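Student: Predicted structure and sequence below. I'll ask about it afterward.
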Amino acid sequence: MSELHKFLFEGLPVRGMLVRLTDSWREVLRRREKAGDAFPAPVRHLIGEMAAAGTLMQANIKFNGALVLQIFGDGPVKLAVAEVQPDLAFRVTAKVVGEVPADARLEAMLNVHRKGRCAITLDPKDKLPGQQPYQGVVPLHGDRGEPLQHVSEVLEHYMLQSEQLDTKLILAADDEVAAGLLIQRLPVQGEANLAGRRNEDDIGLSEAYNRISHLAATLTREELLRLDADTVLHRLFWEEQLLRFEPATGADGPRFACTCSRERVGSMLKSLGREEIDGIVVEQGRVEIACDFCGTKYHFDVVDVGELFTAAHRQTPAPGGVH
Ligand SMILES: [Zn+2]
């Protein structure tokens with residue numbers, strides 16, 4: 001079953017998390033395959049890594065709203081998306097518009113002309129009127145302009161920029177498992193006040209993060225995918241004092257779920273306008289929309305379309321109510 005493990009390093013300002021998406025990840029791939037629309041392998045593994053990363057980031061910030069990772073590409077992949085809800089329900093998809101080479105990494109998929117961007121959006125659940133979601137955008141290249149080849153590097157940059165927190169992120173995905181390990185340096189209490197006169201203790205604490213993140217970096221992709229959480233954590237950190245929390249799994253853990261509904265598809269159709277929709281119905285007999293995330297198909301025939309737009313009509317103010 002898919003699982004999320006949280007842990008602390010006793011006495012040190014460092015925390016960590018490990019996620020393994022197994023059944024939930026295979027469900028995503030199975031649905032796509034069933035719809036006859038499987039993604040090329042490099043795209044599958046990219047969105048698997050994004051699902052793992054999104055889960056780690058959502059669990060890390062405990063934000064009451066959706067966390068959305070989007071990579072806008074300028075190559076054969078136009079868009080890759082992972083969305084994670086506060087209860088760790090996730091969904092992912094991609095829009096592939098060209099031939100993806102079998103060995104393609106981030107640059108060849110999404111950053112061919114250096115125009116690729118990664119947007120991280122926090123969309124609050126109970127928005128106040130006029131409140132906009134928070135969004136941070138980072139490029140797909142490093143400080144020296146070098147193209148980044150792994151989504152983990154892009155997100156490490158984002159976290160350093162937005163949260164000012166050193167973060168080590170290791171991600172891997174194949175067709176069975178999507179997994180990730182996050183190690184983060186916690187802000188030391190009162191650190192801002194101590195700026196400029198850091199003592200030996202501070203330096204020691206910073207060394208602790210460096211040591212632990214170096215240990216984490218020795219984890220290979222293969223180990224992250226094949227070994228269970230206990231084995232990974234023991235192998236990496238057997239010399240450290242780890243405080244582990246009860247893993248989140250099952251209904252409380254990471255799992256696949258889609259937020260699409262007939263109602264939402266209906267309002268999307270309404271926004272396109274009656275003329276456009278009537279045109280499709282005349283041409284094809286009905287409107288068929290398949291959800292990009294879960295593959296569910298929604299049909300609207302001539303009667304449904306009529307109802308859709310009449311219902312909209314009823315919501316307009318009654319005569320006399322206009323000022
Ligand atoms: Zn859906």
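Tutor: Structure received.
Student: Counting neighbours, what do you get for the closest residue in space to residue 250 that isn't next to it in sequence?
Tutor: Using CB to CB, 6 or more residues apart in numbering and skipping the chain neighbours, the partner closest in space to residue 250 is residue 1 (6.2 Å). Bear in mind the C-beta positions are built from the backbone N, C-alpha and C, glycine included. Other residues near residue 1 number 13, with proximity taken as other CB atoms under 10 Å.
Student: Hmm, residue 156 is touching residue 167, no?
Tutor: Yes. At 5.4 Å, residue 156 counts as touching residue 167 under the criterion of CB atoms under 8 Å.
Student: who touches the residue of the stretch 51-200 of the chain found nearest the ion in this structure?
Tutor: Taking CB to the ion as the measure, the point where the stretch 51-200 of the chain comes nearest the ion is residue 91, at 6.9 Å. Shown in contact with residue 91 (CB atoms under 8 Å, 6 or more residues apart in numbering): 28, 82, 83, 256, 257, 258, 259, 293, 294.
Student: Just give me the neighbour total for residue 175.
Tutor: 14.
Student: sec struct for it, please.
Tutor: coil (DSSP: H, G, I helix; E, B strand; the rest coil).
Student: Tell me who's in contact with the closest residue to it other than its chain neighbours.
Tutor: Leaving out its chain neighbours, the residue that sits closest to residue 175 by CB to CB, 6+ apart is residue 29, at 6.1 Å. Residues counted as contacts of residue 29 (CB under 8 Å, 6+ apart) are 38, 44, 175.
Student: so when I look at residue 29, I'm seeing a helix, right?
Tutor: Yes. Counting by three-state DSSP, residue 29 is located in a helix.
Student: Within the sheet, what are the partner strands of the strand or helix carrying residue 80, with directions?
Tutor: Take DSSP states H and E as the rule and residue 80 turns out to sit in strand 77-84. Strand pairing for strand 77-84, using DSSP bridges, gives strand 65-72 (antiparallel), strand 89-96 (antiparallel).
Student: which stretch among those strands comes nearest residue 123?
Tutor: If you check each of these against residue 123 by CB to CB, strand 65-72 wins as the nearest, at 4.7 Å.
Student: contacting residues around that closest one?
Tutor: The set of residues external to strand 65-72 that reach it, using CB under 8 Å, 6+ apart, is 50, 53-54, 57-58, 61, 77-86, 110, 116-125, 133, 140, 151, 154-155.
Student: what pLDDT, on average, does that strand get?
Tutor: Per-residue pLDDT over strand 65-72 has a mean of 97.
Student: Output that strand as CSV - backbone C-alpha positions only.
Tutor: Taking Å, rounded to 0.1, in the frame of the first residue of the first chain, the C-alpha atoms of strand 65-72 are listed here in CSV:
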residue,chain,number,x,y,z
GLY,A,65,-5.7,23.7,0.0
ALA,A,66,-4.4,22.0,-3.1
LEU,A,67,-0.7,22.0,-3.9
VAL,A,68,-0.2,22.0,-7.6
LEU,A,69,3.1,21.4,-9.5
GLN,A,70,3.0,22.4,-13.1
ILE,A,71,5.8,22.3,-15.6
PHE,A,72,5.1,24.3,-18.8
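Student: I'd like to know how many residues surround residue 51.
Tutor: By other CB under 10 Å, neighbour count at residue 51 equals 31.
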